[in-house]
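> any chance you could fold what I've pasted below:
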Amino acid sequence: MITIAALVILLPFLGAAAGLLGSRFPHRSTGVTPPAPDPAAHDAAGRRAAWIAVIPTAASALLALWPAYAAWVAAGRSGAEASVPAGAGGQGTTEGITATFAVIETGSVPISVGLLVDGLAASIAVLVTVVALAVQVYSVGYMRGDRRYPSYSSFISLFTSAMLLVVYSADLLVLYVGWEVMGLCSYLLVGHWWEERANSRAAIKAFLVTRIGDVGFLFGIFVLGTAAGSFRIADVVAAVPAMSSGTLVAATMLLLAGVAGKSAQVPLHVWLPDAMAGPTPISALIHAATMVAAGIFVVARLYPVFLGAPATLDVLAVLAALGMLGAALAALAQDDLKRVLAYSTVSQLAYMAGALAAGSRSAAIFHLITHGAFKALLFLCAGAVIHAVGSNLMSTMGGLRTSLPVTFAAMTIGFAALTGLPPASGFFSKDEVLVAIEGSLSAGPLTDAAALLLYCCALATVAVTGAYATRAWLRTFFGQRAPADPAPAHAPVHGTPPTMRWPIVVLAVPALLLGLARIGDVHWGTAALSLVLALLGAGVVYAVWRSEPGSDPARLLGPLRVPCERAFHVDAVYTALFVRPVLLLGGLVVRVDDRVVDGAVRGSGRTTLGVAGLVRLAQNGNAQLYITGLLAGVLLLTAGAVILK
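As a prediction, the model looks like this:
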């Protein structure tokens, strides 16, 4: 199993290396000046890059199914969550298989380079590879004609490999390597169309905000590793009973900063909506399977550590409560379809964080997996709609169900799963999350106040989710297309290429049916309450839209519409509190450097030139002046000698 896991990680990495180094080879040039652009050569490079990207990812996805199937069989036999039978390359335990390839001595706490394969890792690896494969295939059609497609597809492969390293890593510092490589890839992919200033600024914002959280994350790893005497995850978890409560709270709070950054949770969620500037397939990859899932996965991986710090779980519960409801309200007021889905991701991730805070790792991971399926489906469908219409804005959409029937059917399934309507997968996973949160009211690691806040916000978010999902569905596929801005007529609706259509069809299957595997675990009372609330929110929006189909149902928010549309002005507050002071300080540093440091250098240069100018006056090439000066000097010396004698 360890060999299989290593191959699952390595294959996309090799695809990335081959794509970056070999997709444009051979490059023939007979002159010194660069050759003129050759469309045929670019098309050939694109086709090569597509094969280099798709084949390793497909092989990785197939191999990832093996450990997942083994874990599923073992769990079925023993009733355990994640047992994996031992195989060559590792020692089997009830927690899975661990193998160490090398130990790096650091002088204090060693770093072990190894992999851990258990049910948690196997399940998330399947999610990552399947979504990455869908994104790679989809991108072949979506990015056709893009001159930088070879580097784009290679960065997706590197992104996939980095997330798989996070998933399978047995050591916290090795996990951190994958964690940071993902941050780099997100920067490169969000800013893929860097020629537009908004795109490059969005990439920089995503990079900087996540780096802020990663500083705390790294120090949290150091605290745990120092306290446990090892960075190996198994050793850290085993050492939890011996750690003091202060150590556990400090470590988990620091880790929580990184989790909030990567998983876009309050207060570090502001980068995710702006990351929509990147190509839509990247949004699907980031929002469904890789970067935002990493934070939830790390909490689940180190869950015994977090259970030992109830204060941190209270903080996590409060942040989750604020995030799930606030992001859902923000989604209800957005006009950009991708931003609706972006705020939806923040809200759904907060559901997972809430389940973890309430004490249920299984509910959080189940919702993470189903969310990965239906959110990837929704983003790819949104990409098909944007590709057809030529705009992200729902105000320029409408009536597309007849011209895009496959996309309409698939996106209906995705919205049903997002809303939590049976038999879509989101109905079953959201039920488990709500049951876990409800259970925390009477028993669990949370205080009563935190549990009550989390439960009330979770129920309210169910209704708001039904509202914004229904609004997006109606405005995209029903009614009539509203006239675009000064354009005299609409651009024609383009068809969806097969490479974009087939990933949508494939992802629609797990988005619809994945939850049926847990149908026996449904808590029908909670499920009924959730369904009523979701239908209530959807019904209110439908009634408002039906009364005036040409208007935006977001008008039901009344005076709250503008604050919701601007996400409660959090960006403006951050700009006033942090961005402007930092810019002012940076300007001050620049002025000091220019006027003091560089001024001193320039001043010394001017002084040297001035002195040289004075010396130059005596060196003017006039021999008569030289002789006169010489005689005057001799005369002065002679007179001085006579006088002083």
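
> ok but Ala511 is inside a strand, no?
No: counting by DSSP: H, G, I helix; E, B strand; the rest coil, Ala511 is not found in a strand; it is helix.

> is it true that it touches Ile413?
Yes: if you go by C-beta atoms under 8 Å, Ala511 and Ile413 touch, sitting 5.4 Å apart. The C-beta positions use only the backbone N, C-alpha and C, and glycine is treated the same way.

> looking at those two, which one has more neighbours?
Ala511 (28 against 25; other C-beta atoms under 10 Å).

> helix or strand: which one has the nearest residue to that one once chain neighbours are set aside?
Nearest non-adjacent residue to Ala511, counting by C-beta to C-beta, 6 or more residues apart in numbering: Phe374, 4.0 Å away. Assigned by DSSP states H and E, Phe374 belongs to helix 361-389.

> ok, then the element right after that helix?
helix 405-419.

> mind giving me the packing neighbours of that next one?
Other elements packing on helix 405-419 under the criterion 3 or more C-beta pairs under 8 Å, 6 or more residues apart in numbering; DSSP states H and E are helix 361-389, helix 425-439, helix 448-477, helix 498-513.

> now do it and helix 425-439, the angle between them.
10 degrees (axes from the mean of the first three to the mean of the last three C-alpha atoms, to 10 degrees).

> from the chain's centroid, how far away is helix 405-419?
23 Å (C-alpha atoms, centre = their mean, to the nearest Å).

> just stretch 579-593 next, same as before
29 Å.

> the spatially closest residue to Phe415 that is not a sequence neighbour: neighbour count?
Setting aside the residues directly before and after it, Phe415 is nearest to Ala469 in space (C-beta to C-beta, 6+ apart), at 4.5 Å. Neighbourhood size, Ala469 [other C-beta under 10 Å]: 30.

> hang on, isn't Ala469 packed against Ala538?
Yes: Ala469 lies in contact with Ala538 (C-beta under 8 Å); the separation is 7.2 Å.

> mind listing the shared neighbours of the two?
Applying C-beta atoms under 8 Å, 6 or more residues apart in numbering, one finds that Ala469 and Ala538 are jointly contacted by Thr419.

> quick one, what contacts Leu14?
Pro56.

> quick check: it vs Ser153, distance?
13 Å (C-beta to C-beta, to the nearest Å).

> also Thr370?
27 Å.

> same drill for the two, tell me which one is more crowded.
Ser153 (30 against 27).

> what's near enough to touch that one?
Neighbours of Ser153 in contact, by C-beta under 8 Å, 6+ apart: 19, 23, 49-50, 52-53, 136, 139, 143.

> retrieve the pLDDT associated with it.
Per-residue confidence (pLDDT) for Ser153: 93.

> same deal with Thr499?
So, for Thr499, pLDDT stands at 88.

> now the residue nearest to it when sequence neighbours are not counted: which helix or strand?
Nearest residue to Thr499, sequence neighbours excluded (C-beta to C-beta, 6+ apart): Gly141, at 3.7 Å. Element membership for Gly141 (DSSP H and E) is helix 119-142.

> identify the contacts common to Ala511 and Ile413.
Counting by C-beta under 8 Å, 6+ apart, the contacts common to Ala511 and Ile413 are 374, 377, 424.

> output these as a markdown table; include the columns distance to Leu62.
What follows is the shared contacts of Ala511 and Ile413, written out as a markdown table (distance: C-beta to C-beta, whole Å):
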| residue | distance to Leu62 |
| --- | --- |
| Phe374 | 23 |
| Leu377 | 21 |
| Ala424 | 26 |
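
> could the residues you listed be laid out in a markdown table, adding pLDDT?
Shown next, in a markdown table, are these (pLDDT from 0 to 100):
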| residue | pLDDT |
| --- | --- |
| Phe374 | 95 |
| Leu377 | 95 |
| Ala424 | 95 |
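
> those strands in the stretch 101-250 of the chain, which residues are they?
With strands called from DSSP state E, counting those that start in this stretch, the stretch 101-250 of the chain shows them at 111-117.

> all helices of it, in order?
With DSSP state H, counting those that start in this stretch, the ranges of helices along the stretch 101-250 of the chain come out as 119-142, 149-168, 172-190, 197-228, 233-238, 245-262.

> Gly520: which of these is closest?
helix 119-142 (18.6 Å; C-beta to C-beta).

> what angle do the closest one and strand 111-117 make?
Using the same axes, to 10 degrees: helix 119-142 against strand 111-117 is 80 degrees.

> report all helices and strands that helix 119-142 contacts.
Applying 3+ C-beta pairs under 8 Å, 6+ apart, one finds that helix 119-142 makes contact with helix 2-22, helix 39-78, helix 149-168, helix 280-288, helix 291-301, helix 361-389, helix 498-513.
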